[in-house]
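Chemist: this is the structure alone, sequence omitted:
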Ligand SMILES: NC(=O)c1ccc[n+]([C@@H]2O[C@H](COP(=O)([O-])OP(=O)(O)OC[C@H]3O[C@@H](n4cnc5c(N)ncnc54)[C@H](OP(=O)(O)O)[C@@H]3O)[C@@H](O)[C@H]2O)c1
């Protein structure tokens, strides 16, 4: 697969290297070619570096790591994004005292509104950077969930596959509207990891347990609540 990284900071560099290790063709983009070429040199595995425009042109799948900046402010033209899978791993800035406001519209929905011809997929925003260092081994033994939401089922499937290749357990999290929930989960996670000092290696994992053999507690009765 041809993958373009739009801005090769921490997330872009890490995911780009991991996908290149899996045999994908990766093009790192940045505001300056020099910076992106340096990232590609560090990454190896035949990766290339250049401008964000070049990365966007190169990739069939794009990772968009610029939080809160309209793609029109990053690329010369957003037409290049037409039909492309645009992965959004972004989270809102952490507010003072972790006093998060409710998420009424997700970053991913805003991105999709800005580039309606792209196939936006929310993913990877609940994965702290340090965890990528464990991918794909030994990560695959730890059932780390990547919550994936998108309106385009094929685009979602492609990103779930890209997550699985890195050792994650992708969870189909429904349509892009649910990015509100996933971004909220990342807010809770960052509160726990940073404020509560759980550390960067604590991650949400959805587990499916074996059903209980007995219902000694009475089982689930119809609720009397509305
Ligand atoms: N770090 C984590 O642990 C983590 C985990 C999950 C999700 N996330 C989310 O992922 C996103 C990226 O995080 P990160 O850690 O990769 O951040 P980062 O290292 O600061 O990288 C962000 C990149 O954005 C680019 N950039 C900043 N302002 C720009 C602008 N006005 N126009 C174009 N490019 C601009 C910079 O690109 P240049 O290279 O061109 O200077 C920089 O390399 C954030 O939304 C973050 O919340 C991060």
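Modeler: That came in fine, so what should we check first? These numbers were taken from a predicted model, which means no experiment stands behind them.
Chemist: now residue 148: phi and psi?
Modeler: Dihedral pair for residue 148: phi -120, psi 120, per degrees, to the nearest 10.
Chemist: quickly list what it is bridged to.
Modeler: Beta-bridge partners for residue 148, by DSSP bridges, are residue 172.
Chemist: who's in contact with it?
Modeler: 121, 122, 123, 156, 159, 160, 163, 170, 171, 172, 173 (Cβ atoms under 8 Å, 6 or more residues apart in numbering). (Each C-beta comes from the backbone N, C-alpha and C, glycine too.)
Chemist: which bits of the chain sit near the ligand?
Modeler: Contacts of the chain with the ligand, taken as Cβ under 6 Å from any ligand atom, map to 7-12, 30-31, 35, 65-67, 69, 74, 89-91, 125, 127-129.
Chemist: one more time with 5 Å, if that's ok
Modeler: For the chain, the contact set with the ligand under Cβ under 5 Å from any ligand atom comprises 7, 9-11, 30-31, 65-67, 69, 74, 89-91, 125, 128-129.
Chemist: quick one: which of the contacts of residue 148 has the most company?
Modeler: Ranked by neighbour count (other Cβ atoms under 10 Å), the contacts of residue 148 have residue 122 at the top, with 33 neighbours.
Chemist: and the gap between that one and the ligand?
Modeler: 11 Å (Cβ to the nearest ligand atom, to the nearest Å).
Chemist: quick check: the residue of this protein nearest the ligand.
Modeler: residue 9 (1.9 Å; Cβ to the nearest ligand atom).
Chemist: state the mean pLDDT of stretch 62-76.
Modeler: The pLDDT scores in stretch 62-76 average 96.
Chemist: can you tell me what sits against that stretch?
Modeler: 3-9, 11-12, 15-16, 52-53, 55-56, 78, 81, 84-93, 107, 111, 114-115, 118.
Chemist: which residues touch the residue of the chain closest to the ligand?
Modeler: Per Cβ under 8 Å, 6+ apart, neighbours of residue 9: residue 65.
Chemist: that older thread, from the residues of the chain next to the ligand, keep the buried residues only.
Modeler: For the residues of the chain next to the ligand, a neighbour count by 16 or more other Cβ atoms under 10 Å gives the buried set as 7, 11, 30, 65, 66, 67, 74, 89, 90, 91, 125, 128.
Chemist: nearest to residue 177 among the residues you listed?
Modeler: Among these, residue 125 lies closest to residue 177 (Cβ to Cβ), at 15.2 Å.
Chemist: look at the closest one and give its secondary structure.
Modeler: coil (DSSP: H, G, I helix; E, B strand; the rest coil).
Chemist: excluding covalently adjacent residues, which one is nearest to residue 44?
Modeler: Distances taken as Cβ to Cβ, 6 or more residues apart in numbering place residue 20 nearest to residue 44, at 7.6 Å, with adjacent residues excluded.
Chemist: I figured the one you found hits residue 42, correct?
Modeler: No: distance between residue 20 and residue 42: 11.1 Å, which falls outside the contact criterion (Cβ atoms under 8 Å).
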